[in-house]
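Asker: kindly generate the corresponding structure for this input.
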Amino acid sequence: MARPSDALLAWLRDLIKERGLNTAAVAERAGLPRGRVRKLLAGSEPMLVDELMKLSEALEISPADMGLPDGSGELLHGEDVVADGLSAAPKETGGDDDDDEEPLGLDPFGNHPEQMFRAAFALGCDFFFLADVSELEDSGVPGHVLAQYEGQELPIKLDAAYHSYNEPRYHDDRIHLTLSFDQLYECTFPYAAIKRFVLFPVPPEVVAAPEPPADDDEERSPVPHLRLVT
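Answerer: Here you go, the predicted structure:
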């Protein structure tokens, strides 16, 4: 069931994308923690009025733009808020860089670790991640490995050559992987435990442009040849 705040949150997210910002930039402008801003815009946590005001200042929008009192004392209600207060400016189209689709279907307000895992496996490249050991007590990672990295972050590197054998299983709050230590282990990593993620992309192949054919009127370079000397 849709919540009354869903239209406002969707409008704010669209406005952020249209202005070329991300949650990190908005959080810095608003003076709010980055993680808090992501949760607010995703609708996973309720937003305080003070936080809404800080976000509106960061995005340079007025209370009237959001259907709030604009000094005249009038407050928009219900469908009027969506129709009048939340009408974002239309995008300009026709440019060479115009692209209405979200790159790779990524959701900047969604689950970052899950999307990183999916992208790494889909690209078929080596990747490396660090996981908070304090979150891995019942993860299936061998006890002696956890003991070795106690109080630290556990480094895991996955070779693309073995991705086809891994068969990652995604859940709402964790990912299940088959890892090799002294033997194969079925391991579960909560997304909250993932602290860093590094991709090792395969460099694109540089194809040399073919040389244009010489014009008939131009003097052609002599063809090198061998000469036998007796």
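Asker: tell me what residue 186 is bridged to.
Answerer: residue 178 (DSSP bridges).
Asker: that one and residue 5: what is the separation?
Answerer: Residue 186 is 40 Å from residue 5, where distance means C-beta to C-beta, to the nearest Å. Bear in mind the C-beta positions are built from the backbone N, C-alpha and C, glycine included.
Asker: and these two? which has more neighbours close in?
Answerer: residue 5 (14 against 11; other C-beta atoms under 10 Å).
Asker: and that one, its phi and psi?
Answerer: phi -80, psi -10 (degrees, to the nearest 10).
Asker: state the pLDDT value of the closest residue to it other than its chain neighbours.
Answerer: The shortest distance from residue 5 to any non-neighbouring residue, by C-beta to C-beta, 6 or more residues apart in numbering, is to residue 43 (6.8 Å). Model confidence at residue 43, given as pLDDT, is 87.
Asker: so what's the residue count around residue 43?
Answerer: By other C-beta under 10 Å, neighbour count at residue 43 equals 16.
Asker: cool, residue 181 as well?
Answerer: Residues near residue 181, counting by other C-beta under 10 Å: 11.
Asker: how about the one 10 residues further on?
Answerer: Using other C-beta under 10 Å, the number of residues around residue 191 comes to 20.
Asker: neighbours around the spatially closest residue to it that is not a sequence neighbour, how many?
Answerer: Nearest non-adjacent residue to residue 191, counting by C-beta to C-beta, 6+ apart: residue 113, 4.2 Å away. Residues lying near residue 113 (other C-beta under 10 Å) number 19.
Asker: just residue 130 next, same as before
Answerer: 17.
Asker: wasn't it part of a helix?
Answerer: No: counting by DSSP: H, G, I helix; E, B strand; the rest coil, residue 130 is located in no helix; its state is strand.
Asker: can you list the domains in this structure?
Answerer: Residue ranges for the domains of the chain, per automatic domain parsing: 6-69+80-85, 112-200.
Asker: with distance to residue 213 added, can I get those in JSON lines?
Answerer: Converted to JSON lines, the domains of the chain look like this (distance: least, C-beta to C-beta, whole Å):
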{"stretch": "domain 6-69+80-85", "distance to residue 213": "44"}
{"stretch": "domain 112-200", "distance to residue 213": "38"}
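Asker: list the buried residues in stretch 172-181.
Answerer: 174-177, 179 (16 or more other C-beta atoms under 10 Å).
Asker: where in this protein is pLDDT low?
Answerer: 1, 63, 67-104, 214-230 (pLDDT under 70).
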